[in-house]
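J.: quick one, what's the 3D model for this:
(chains A and B)
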Protein chains: 2
Amino acid sequence: MDAAVFHGEGDIEVEEVPDPEIRDPTDAVVRVTHTAICGSDLWFYRGQRDYPTPGRVGHEPMGIVEEVGEDVTHVRPGDRVFSPFSISCGECEFCRKGLHTSCENGAGWGGENTGAQGEKIRAPHADGTLVRVPERYADDESVLESLLPLTDVMCTGHHAAVSAGVEAGDTVVVVGDGAVGLCGVLAAKRLGAERIVAMGHHEDRLEIAEEFGATEVVSARGEEAVEEVTELTYGGANHVLECVGAESSMDTAFRVARPGGTVGYVGVPAGVDEAAFLDTAFGKNVGLEGGVAPVRAYVDDLMADVLQGTLDPSPVFTKTVGLDGVPEGYRAMDQRDAVKVMVKV
Amino acid sequence: MDAAVFHGEGDIEVEEVPDPEIRDPTDAVVRVTHTAICGSDLWFYRGQRDYPTPGRVGHEPMGIVEEVGEDVTHVRPGDRVFSPFSISCGECEFCRKGLHTSCENGAGWGGENTGAQGEKIRAPHADGTLVRVPERYADDESVLESLLPLTDVMCTGHHAAVSAGVEAGDTVVVVGDGAVGLCGVLAAKRLGAERIVAMGHHEDRLEIAEEFGATEVVSARGEEAVEEVTELTYGGANHVLECVGAESSMDTAFRVARPGGTVGYVGVPAGVDEAAFLDTAFGKNVGLEGGVAPVRAYVDDLMADVLQGTLDPSPVFTKTVGLDGVPEGYRAMDQRDAVKVMVKV
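T.: All right, here's what the predicted structure looks like:
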C-alpha cells in the first residue's frame, strides 16, 4: 500500500509501505477514504519539532473498517468510521471523565502503521477510538466532508470555546484565523455567543470567519489590534479563545481579556518560551483553561449537529488533493495557500 | 511622624516623614497600630523588582481612624480598621464583581503617605478600602493579631484555594511553605479538604503546616518531591495551590496536578521567565486560575470566622518587632529567620 512518509524538513513523499495488520485483539484495520493535513503537521515539516524519519504521518483518519480484532465489538467490517487525533481506550479514569487525551492506554496517531495519510491504518483500541458514522449517512460525500473536521480542528475549536466558558449571549474574542480559530468562531456561534470578534491577518480567512458567525473582524497587528479589540469590547472580553499557540498570540489573548475573564487555549504552545503573558494574567486574574482537545468527548454532540444540518465546518478545507498530492498539500499549507487541505485517498 | 523608608537594596531605615493629610473627600487618615512585613516586600529589598527610592513601604495596615474626609460614611474617627493590600473604591464594575484588585479607581499601598510601615497612613477611598473591626473586638489584642493576616496572606492563601476549586472532601497539594502557603493549607482545611499535602523545604514551617491541617508534608526537592506527591495522591491532585511564584514551583505545581485538574496560583510570578510549565499544563489540560488576590472580596467571610474563633492564621507571625525594628524584620525575613514579621507600631 501507499502512504505519505516524512523524511526530514520540507520532505514528504508518498511511497510503498507494508500493509497494516491486526496485532492486538482490540485493533481494527481501516481503509482510509478521507484524511487531512493539520496545522500541527507543519511543526515537524518546518523542522520546528522533532519527528522520527522516516515516519508515517497524519492523524485525522476517516474510512471503512476492513478487519477487526476478536475483542472489538463496537465496529464491524464495512462500517464508515472516523477517529479523533488521539487514540483512547474509552474505559479508564480519564476517558470516563471526558479527558480522552489523558487516556491511560492512549497514544497519538503517526509512526508505523498508524499514520492517517495513507491507504490503510491499524487503529488500536478500536472500540474506544473509532467513531461510527450512522449507516444512512455512511456514503453521503457531503456529510462525510462536513464530518471530517471533527477528527481534530472542529473539536479543538470547540474545546477552546468550552474552556473559555462561552455561553449564550456572551461576547467572545477569537485569536487566530487558522482552521482551529475559524472552528472556534463556529463553536462560539453554536454555543450562542452574541458577539464574536475574530482576530487574524488574512482577508480570505477572516471572510470565512464572518461566514462562520464572526460579528467583527480585526486584522490589525500588535498594539493596534489590542487597542481595537479593547475598544470594541469596552475593556476586554470575558471569553477569549487562543487558537495559535505562539508567544505573541498568548500575549494578545491575555491583553484583550477582561479582568476576571478566561482564556481558552488549544494551540500547541510550541513557540511559547517566555512567560510574559503570565504577568498580564496574574494582574487581571484571567484564567488559562484548555490544552490538547479531548476530541472523543465532544464528537458525538457535534456529529449530531452535522447530521441534522446545523453545523458545517467543511469550508475550512480550501484545497483537496489525492494521496499523491499530499506533498503538494503540505507545501500549500506551509505557504498559506490553503487554510486546510483535505486528502481523498 | 516616623516611618520605614526604602533607600535601595537591603537598605530600609526608619526616619521622620511628613504627617499624612486628607487630600480628597473620600480619604481617611489612620493611625497605624499593627502592620506586617510581606514576602513580596523582599522583592524590592533584594533588588529583584524596581521600587522608588526613597520610598515608603508596607501594605498591610491596621489601626485607628483619626480623621475622615467629608464624603466618608463607612468609618468614623476612633474606629479600629484594617485594609487589604490594595485600595479599592467598592463601586466600580470590578469591585461589584468581587475583583477589587482590578478596581477602576484602585491602587496599591506604598509611596508618599500611604506606606503602611509607619505611624500613620492616608487611606484613599476609605469607604471601599477600610474594613471595620466590630466594636466589641476592637481592643482585643489576640483578635487583632489573628485578623492582621487578613490584610494579605490569609486572603491570598484563600484565593489560591478558591481558584484551585477546593471543596469539601478534596485532596489538595500546596506548593510552598511561606506565609501564603501556610495560609493556603489553612484555607483548604477551612473549605473542607480531606487530604492536604504540604510541600516545602523548612522543617519549622512544615510543622506549622501540620498545625494548620496538612495531613502529609513533603520536604524533598525537584524530581523526588514530584514523585513522592504523585505517589501519595495516586497520580496527582485535582487541586494544587501554587504559593511561591518561582519557575520551579510553577513547574512542580503542574507536574503534581492530575490531568484535568486546576492550579490556583497567587505567588507573584516575578521569577517565571520561561514557560516550560505550559507544556505540562497543555498536555494534561490542567487549568491555571488565580492571580493577585482580591482580598476585599474575602475579608468579611474570613473575619467572621476569626471572630467566632474558628480561624486563626496568627501563627504565621513568628517574630514581632516595633516600628524601630522594621529593618531587623526585613533582615530576619530575608534570612528566613522568620516566616512573617508583625510590627506593633
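J.: show me what secondary structure element comes after whichever helix or strand residue A:186 is part of.
T.: Counting by DSSP states H and E, the secondary-structure element that holds residue A:186 is helix A:179-190. Taking DSSP H and E as the definition, the helix or strand that follows helix A:179-190 towards the C-terminus is strand A:195-199.
J.: show me which positions of the next helix or strand after that following strand end up buried.
T.: Following strand A:195-199 in sequence order, the next helix or strand is helix A:203-212 (DSSP H and E). Across helix A:203-212, burial judged by 16 or more other Cβ atoms under 10 Å in any protein chain shown covers A:205-206, A:208-209, A:212. Backbone N, C-alpha and C define where each C-beta goes, glycine included.
J.: ok, stretch A:219-227 next?
T.: If you call a residue buried by 16+ other Cβ under 10 Å, then stretch A:219-227 has these buried ones: A:225-226.
J.: repeat for stretch A:38-48
T.: Here stretch A:38-48 shows A:38-41, A:43-45 as buried, counting by 16+ other Cβ under 10 Å.
J.: cool, and stretch A:124-135?
T.: For stretch A:124-135, burial by neighbour count (16+ other Cβ under 10 Å) applies to A:124-131, A:133.
J.: so which of those residues are in strands?
T.: With strands identified by DSSP state E, the entries of the buried residues of stretch A:124-135 that belong to them are residue A:131.
J.: return the member of the buried residues of stretch A:124-135 nearest to chain B.
T.: Sorting the buried residues of stretch A:124-135 by distance to chain B puts residue A:128 at the head of the list, at 16.3 Å, by Cβ to the nearest Cβ.
J.: residues contacting the closest one?
T.: Shown here is residue A:128, whose contacts under the criterion Cβ atoms under 8 Å, 6 or more residues apart in numbering or on different chains are A:87-91, A:95, A:100, A:103, A:296.
J.: doesn't residue A:327 lie inside a helix?
T.: Yes - in this structure, residue A:327 lies within a helix as judged by DSSP: H, G, I helix; E, B strand; the rest coil.
J.: which residue, neighbours along the chain excluded, lies closest to it?
T.: Counting by Cβ to Cβ, 6 or more residues apart in numbering or on different chains, the nearest residue to residue A:327 once its immediate chain neighbours are dropped is residue A:12, at 4.7 Å.
J.: chain B contacts on the stretch 201-345 of chain A?
T.: Near chain B, the residues belonging to the stretch 201-345 of chain A are A:259-260, A:265, A:268-269, A:272-275, A:277-279, A:281-292, A:294 when assessed by Cβ under 8 Å from any Cβ of the partner chain.
J.: buried members of these into ChimeraX, please.
T.: For the buried members of those, the matching ChimeraX selection, counting by 16+ other Cβ under 10 Å, is:
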select /A:259,260,265,268,269,272,275,277,278,279,281,282,283,284,285,286,287,288,289,290,291,292,294
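J.: what strand or helix carries the closest residue to residue A:339 other than its chain neighbours?
T.: With Cβ to Cβ, 6+ apart as the criterion, residue A:339 has its nearest non-adjacent residue at 4.6 Å, and that residue is residue A:318. When secondary structure is defined using DSSP H and E, the element that contains residue A:318 is strand A:317-322.
J.: give me the contacts around the helix or strand of chain A with the lowest mean pLDDT.
T.: Ranked by mean pLDDT, DSSP states H and E, the weakest helix or strand in chain A is strand A:107-108, scoring a mean of 84. For strand A:107-108, the external contacting residues (Cβ under 8 Å, 6+ apart) are A:59, A:85-87, A:124.
J.: need those in a markdown table (columns: pLDDT).
T.: What follows is the contacts of strand A:107-108, written out as a markdown table (pLDDT from 0 to 100):
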| residue | pLDDT |
| --- | --- |
| A:59 | 96 |
| A:85 | 95 |
| A:86 | 94 |
| A:87 | 95 |
| A:124 | 96 |
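J.: next step: those residues restricted to strands.
T.: Among these, DSSP E puts A:86-87 in strands.
J.: which of the contacts of strand A:107-108 lies closest to chain B?
T.: residue A:86 (10.9 Å).
J.: can you pull the residues of the stretch 1-150 of chain A lying near chain B?
T.: Within the stretch 1-150 of chain A, the positions adjacent to chain B are A:94, A:97, A:99, A:101-102 by Cβ under 8 Å from any Cβ.
J.: quick revisit: contacts only, for the residue nearest to residue A:327.
T.: A:4-6, A:45, A:57, A:326-327, A:330.
J.: again, 7 Å this time
T.: Under the criterion of Cβ atoms under 7 Å, 6 or more residues apart in numbering or on different chains, the neighbours of residue A:12 are A:4, A:6, A:45, A:57, A:326-327, A:330.
J.: so which bits of the helix holding residue A:186 are buried?
T.: Using 16+ other Cβ under 10 Å as the test for burial, helix A:179-190 gives A:179-190.
J.: roughly how far out does stretch A:8-24 sit from the chain middle?
T.: Average the C-alpha atoms of stretch A:8-24, do the same for its chain, and the two points are 22 Å apart (Cα atoms, centre = their mean, to the nearest Å).
J.: pLDDT (mean, whole number) over it?
T.: Here the mean pLDDT over stretch A:8-24 is 96, rounded to a whole number.
J.: related to what we said a few turns ago, could you pick out the buried ones from the contacts of residue A:128?
T.: With neighbours counted using 16+ other Cβ under 10 Å, the contacts of residue A:128 contain these buried positions: A:87-90, A:95, A:100, A:103, A:296.
J.: what residue in the stretch 1-150 of chain A comes nearest to chain B?
T.: Ranking the residues of the stretch 1-150 of chain A by distance to chain B (Cβ to the nearest Cβ) places residue A:102 first, at 3.6 Å.
J.: touching, that residue and residue B:259? I think so.
T.: Yes - A contact is recorded between residue A:102 and residue B:259 when judged using Cβ atoms under 7 Å, the distance being 3.6 Å.
J.: wait, residue A:314 touches residue A:145, no?
T.: Yes - between residue A:314 and residue A:145 there is a contact under Cβ under 7 Å: 4.7 Å.
J.: okay, and for chain A, where does confidence drop off?
T.: When the per-residue scores of chain A are filtered using pLDDT under 70, the ranges that remain are A:111-113.
J.: residue A:20 and residue A:123 touch, don't they?
T.: No - the criterion here is Cβ under 7 Å, and residue A:20 misses it with residue A:123 at 8.9 Å.
J.: the two: who's more crowded?
T.: Neighbours were tallied for residue A:20 and for residue A:123 using other Cβ atoms under 10 Å in any protein chain shown; the higher tally belongs to residue A:123 (31 against 26).
J.: ignoring the adjacent residues along the chain, who's closest to that one?
T.: What sits nearest to residue A:123 in space, not counting adjacent residues and going by Cβ to Cβ, 6+ apart, is residue A:28, at 4.6 Å.
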